[in-house]
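>>> Below: sequence and its predicted model.
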Amino acid sequence: GIRDSVASRGLGDVYKRQPIPKGELAKAFLNRIRSQLLALENTQMPALRSFADSIAKETKAARRTVVASSGHMVMHYVGNYSDSAWADNIEVHENVESQLNSFKTKAPQGGLVLRLGYFGLSPKVDDLFKLKKSRVLLMTAENPRADFASHFNYPDRLDLGMSFGDACVPIEGYPIALFPPSGIIKAAAYESLNVEILHRLK
């Protein structure tokens, strides 16, 4: 069947198409990113401002906010620049036991936590937040998997708006989309939040 063909030969051997003109994929990717950033601005600003209010209030009370982050870029920007005024980064990927243990050890009991995540919320991370009695501000996108649906139980939630699968450019005649937008969308949402917080801390 097609599944065996794809597994043994790769998608490029099964799905043939003409070469795509130079620049076409880049243009499509930029258009998709722009549309997702505009959607974030047009629909999520109330949630983002509410998050900023909560974090600024916490900071003014001399309490730090833990950013429970996941992703392939977060370690390079979370807590490393102007956001160091309020943020302490603890990477929390549900499949890395040492990171789960690090959060369990380092995050304050009952502390304010910004979850900068991906799609839904892992049961392991959800259990961790409950164990620590964390007050969670959740940044994530939707996830069709029922076991990752616990994010719906969190009232303070910002929808990053990314499509599950983390790819955004469709190719005619090809069964999957290409190019992940999540790194850019998450960085933009996080830095927008940071700007709002710093404005409140002036």
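Done, it's in. Residues are numbered from 1 along each chain as shown.
>>> quick one: terminal-to-terminal distance for stretch 64-83?
Stretch 64-83 has its terminal residues 11 Å apart, counting by C-alpha to C-alpha, to the nearest Å.
>>> Please apply the same query to stretch 154-173.
OK, stretch 154-173 end separation, C-alpha to C-alpha: 39 Å.
>>> ditto for stretch 17-25
End-to-end for stretch 17-25, by C-alpha to C-alpha: 14 Å.
>>> what does the average pLDDT come to for that stretch?
Here stretch 17-25 scores 90 as its mean pLDDT.
>>> Touching it from outside, list them.
Residues external to stretch 17-25 that are found in contact with it (C-beta atoms under 8 Å, 6 or more residues apart in numbering): 169, 171-174, 178-179. In short, each C-beta sits where N, CA and C put it, glycine included.
>>> Apply 10 Å and report the result again.
Here stretch 17-25 makes contact (C-beta atoms under 10 Å, 6 or more residues apart in numbering) with 27-28, 169, 171-174, 178-179.
>>> Now for those residues: which two are most distant?
K27 and G173 (18.7 Å; C-beta to C-beta).
>>> List phi and psi for A187.
Backbone torsions for A187, taken as degrees, to the nearest 10, come to phi -60, psi -40.
>>> Numbering from 26 from now on, please.
Got it, first residue is 26 now, which makes that one A212.
>>> Can you read off the backbone torsions of V138?
Torsion angles, degrees, to the nearest 10, at V138: phi -130, psi 130.
>>> Mind listing the residues bridging to it?
Taking DSSP bridges as the rule, V138 bridges to V91, V161.
>>> what about it, neighbour count?
Using other C-beta atoms under 10 Å, V138 has 23 neighbouring residues.
>>> my guess is it meets K155, correct?
No. Between V138 and K155 there is no contact under C-beta atoms under 10 Å: 11.5 Å.
>>> what do the two both touch?
When C-beta under 10 Å, 6+ apart defines a contact, the residues bordering V138 and K155 alike are V161.
>>> Quick check: Y143 is in a strand.
Yes. Assessed by DSSP: H, G, I helix; E, B strand; the rest coil, Y143 belongs to a strand.
>>> Look at it and say how many residues are nearby.
Using other C-beta under 10 Å, Y143 has 21 neighbouring residues.
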